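**Q** Model the structure of this input:
(2 chains)
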Amino acid sequence: MGIYFGLLFHLLSINISRVKIYDEEKVLLEGLATNDTSAIETIYRENYAAIQAYIVKNNGYPDDARDIFQEAMIVLFEKAKSDSFILSCQIKTYLYSVCRRLWLKKLQKQSRYNPSIEMIQETVPVEDEIESHEKRNVDFLLMENALAKIGEPCKSLLEAFYIEKKSMPEIASSFGYTNADNAKTQKYKCLVRLKKIFFSQYKNTD
Amino acid sequence: MDENILLDAIERYRKGEMPDQEKTLFEELRKSNPEIDQVVVEHTFFLSELERMSDIKNLKHSLHEVESKLLNEGFISRHTEKTKAKVIYLWNRYRRTIAVAACIAGLVSISTATFVSFYSENKKVAVITPLVDNKLNQFEHKLNQIEDKLNDATAIPNKPKFEANFRATGFLVDGKGYIITNAHVVNNAKNLIVENKKGDQFSAKAVYSNPLNDLAILKITDTSFKKVNGLPYTFSKSSTELAESIFTLGYPREEVVYGEGYLSAESGYFGDTSSYQISISVNPGNSGGPVINRNGEVIGIISSKETNADGVVFAIRSKNIYNALKEVKKDQDITIKLSSVNTLRGLNRVQQIKKLEDFVYKVKGN
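**A** Numbers count the residues shown, from 1 in each chain, chains lettered A, B, ... in the order given. Model (predicted):
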């Protein structure tokens, strides 16, 4: 009986604190979605230690923990960026669930799976998200690969525009084009080439 | 140029940079022209992939930045419980190995104990040993007698105790007992012996040896050799293409050894057009072995290898065999008939080797 009351009380206290946590976490996730370093740092500070402890405890090294945590941050980032985004649990729970799943996968791949692997927290189901993340990861690699293949100056030009988000006049002066329009024409030529390489690989993988 | 205008329009449309009037026009164009609509769909997908890549790259960059900041601060430690973790990790990883090792150790100690106790009691054993030995001797004696009788009856073909001072490879070109190999193999040999895969040895003599093309033809002179039929390979007259895959069988050691490679140049040492350069792993003893292509045609004979370069092997083109046969015919009036039926074509490599290995011989001499 005591247990039930305890549990009820526990749930109540969670609900009270949840509203506050929810607002704080919402801000953090919005920050993550816009690649805001201070938000990223806060998430790191609040979660990293627990993840590293978990991974080190389960056959891993701190280096493994850093890889896994970064991967999980990318999964969270993708979730935060998606339009249909609702995080139905705390960031902490979500990150832990993703890291746990990713780590189990990695262990299985290296066939050092340990069936007695421990759980230190509750988890939420994240299998689907990890699966789609992996699929997107393949696309990411395809694009990176295509970019590596087009050669210079196309690579730098496209990176300056699409990744570093520099403006056309800026690019024109740093790449030595006479004006922004010339740079733009060159950029489109490069873009068409990149597209060709990307889609040829894309079709090959299907 | 038109394409650029379209791509530019798509980009502005996606970013919401298009004025309303242009936007309506653009949307109408898409509706009326399915071709353009397809380009728009494709390019939009491509741009979203590109953007996603750039987002993730930038995020990774920030993640590294934050991580190195926290590492410098000491908030993230590289060495958390590393020693303990390593032991646990190693233990878990090698648990099975350790168990196996423990089992073996146990077995060894038990067997050692048995052994020791056995020999500590060897007084008893010593008493009965002579008896057993005696009986064994009698048995052995009878066996020897039977064996001798058998030997006399069957008169096993001469298997001379042969001290070879070189070993190479050769292969049958005619079932009547003609074997082709390298001239440098047989040049200074007084006695020649060829041995097939089963270990049957036959004496042989060289009927042709030409140091210019480095080809030699041996004739098996041993009376115990019986004509074999059905040589499975044919001999290619035309030249082989670069990069064509090839294989060989030979005797770099007592046992027959298979090797695989490809044709790497159309000419041999110093541009010698009567041979090929092939890339294959061979050793002394492979000399004289057949170089065979995927279809089971002999394209060459392995002759030499460049010692100061890796994987550079030279093979005499098989069309030289035809010339050698002509010369043999002219000089000694010996007709050697090459087989014209190829039974290796279309088989997989394992089956090809099974058919082939009975026709490849070890060549020994002194």
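**Q** my guess is B:L344 meets B:V298, correct?
**A** No: counting by CB atoms under 8 Å, B:V298 is not a contact partner of B:L344; they are 10.0 Å apart. Heads up, the C-betas are built off the backbone N, CA and C, glycines and all.
**Q** Please enumerate the shared neighbours of the two.
**A** The overlap between the contact sets of B:L344 and B:V298 (CB atoms under 8 Å, 6 or more residues apart in numbering or on different chains) consists of B:Y233, B:I292.
**Q** would you say B:L263 is within a strand?
**A** Yes: assessed with DSSP: H, G, I helix; E, B strand; the rest coil, B:L263 lies in a strand.
**Q** Surely it is in contact with B:S236?
**A** No: using CB under 8 Å, B:L263 is not in contact with B:S236, being 11.6 Å away.
**Q** shared neighbours, the two?
**A** With CB under 8 Å, 6+ apart as the test, B:L263 and B:S236 both reach B:I299.
**Q** of those two, who's got more company?
**A** B:L263 (23 against 20; other CB atoms under 10 Å in any protein chain shown).
**Q** Can you tell me, leaving aside adjacent residues, what's nearest to the more buried one?
**A** B:E244 (4.9 Å; CB to CB, 6 or more residues apart in numbering or on different chains).
**Q** And for the one you found, the neighbour number?
**A** B:E244 has 14 nearby residues by other CB under 10 Å.
**Q** Same question for B:I336.
**A** For B:I336, using other CB under 10 Å, the count is 20.
**Q** What of A:E30?
**A** A:E30 - counted by other CB under 10 Å - has 13 other residues nearby.
**Q** Tell me the secondary structure at it.
**A** Applying three-state DSSP: A:E30 is helix.
**Q** likewise B:L172?
**A** strand.
**Q** how much space between the residue lying closest to it once chain neighbours are set aside and chain A?
**A** Nearest residue to B:L172 in three dimensions, chain neighbours excluded: B:F359, at 4.6 Å (CB to CB, 6+ apart). Applying CB to the nearest CB, to the nearest Å, the value for B:F359 to chain A is 44 Å.
**Q** Tell me where the stretch 151-300 of chain B is predicted with low confidence.
**A** The stretch 151-300 of chain B contains residues with pLDDT under 70 at B:151-162.
**Q** what's the distance between the residue of it found nearest chain A and B:L347?
**A** When scored by CB to the nearest CB, the stretch 151-300 of chain B has B:A243 as its residue closest to chain A, at 23.1 Å. As judged by CB to CB, to the nearest Å, B:A243 and B:L347 stand 22 Å apart.
**Q** who has more neighbours, the two?
**A** Using other CB under 10 Å, the more surrounded residue of B:A243 and B:L347 is B:L347, with 16 against 9.
**Q** Quick check: the more buried one is in a helix.
**A** No: read with three-state DSSP, B:L347 is coil and lies in no helix.
**Q** Would you mind measuring from it to B:I353?
**A** B:L347 is 9 Å from B:I353, by CB to CB.
**Q** Ok, B:K176 next?
**A** If you go by CB to CB, the gap between B:K176 and B:I353 works out to 24 Å.
**Q** where does residue 84 land on pLDDT?
**A** Because you didn't say which chain, this covers chain A. A:S84 carries a pLDDT score of 69 in this model.
**Q** Wait, chain B was what I had in mind.
**A** 48.
**Q** picking up where we left off before, so the residue nearest to B:L263 sits right up against B:S264, yeah?
**A** No: using CB under 8 Å, B:E244 and B:S264 do not qualify as a contacting pair, with a distance of 10.1 Å.
**Q** quick one, helices of chain A?
**A** With DSSP state H as the criterion, chain A has helices at A:2-33, A:37-57, A:62-81, A:91-109, A:127-150, A:154-158, A:168-175, A:180-205.
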